[in-house]
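Colleague: Next one to model:
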Amino acid sequence: TDCFNREQSEKIIEPASSLQPPFLLSRRNNHRRQNQIMRLNNTIAAAILATAIIIASSTSFAAEVNIHADGTMSNPATKTSTTSWPDKILKGMDGDEAQREIKSVDPSLETHVLPEDAIVTEDYRLDRVRIFVDTDGKVVTQPQKG
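Modeller: A predicted model of the protein is given here:
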């Protein structure tokens with residue numbers, strides 16, 4: 001027909017992707033960008049994980065410690081021995097005796113001897129040590145700051 005010219009026929013033959021509205025093209029490009037960013041993030045995460053594994057395998061986190069019958073600890077690597085709290089095991093000791101031991105190391109600490117089932121607040125304070133004892137007055141868990 002006369003109305004149908006060559007310019008219009010070329011538009012019909014063009015690939016479908018070029019005929020899509022601009023907003024669809026930008027959405028497709030955004031999707032591609034998001035995929036590229038996601039792949040980059042995964043690569044970075046894998047590199048960080050590999051580095052952490054290498055560091056962890058070359059670093060010794062746990063030191064060998066010997067615990068003796070008298071409650072003292074020693075480190076064979078450094079040939080050091082400690083006989084005072086917090087390195088000394090207080091579990092099984094009398095509650096008042098444990099309190100005196102802790103006070104002798106750091107008099108500024110606030111110490112409390114409490115029954116093992118006592119209800120206590122959950123706040124964390126480095127100037128406080130709670131000593132939990134059983135019905136016989138023996139320490140049931142190793143006292144620690146907090």
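Colleague: got the residue ranges for the strands in this structure?
Modeller: 66-67, 73-75, 80-82, 110-115, 128-133 (DSSP state E).
Colleague: what about Arg32, neighbour count?
Modeller: By the measure other Cβ atoms under 10 Å, the count of residues near Arg32 is 10. Where you see a C-beta, it was placed from the backbone N, CA and C, and this is true even at glycine.
Colleague: Quick check: longest helix in the protein by residues?
Modeller: The longest helix of the chain (DSSP state H) is helix 22-58.
Colleague: Show the average pLDDT along that helix.
Modeller: What helix 22-58 shows for mean pLDDT is 73.
Colleague: and it, which residues are buried?
Modeller: Neighbour-count burial for helix 22-58 flags no residue at all (criterion: 16 or more other Cβ atoms under 10 Å).
Colleague: Also stretch 104-124?
Modeller: Buried residues in stretch 104-124 (16+ other Cβ under 10 Å): 109, 111, 113.
Colleague: For the residues you listed, give me JSON lines that also has pLDDT and distance to Gln142.
Modeller: What follows is these, written out as JSON lines (pLDDT from 0 to 100; distance: Cβ to Cβ, whole Å):
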{"residue": "Leu109", "pLDDT": "91", "distance to Gln142": "15"}
{"residue": "Thr111", "pLDDT": "93", "distance to Gln142": "14"}
{"residue": "Val113", "pLDDT": "95", "distance to Gln142": "14"}
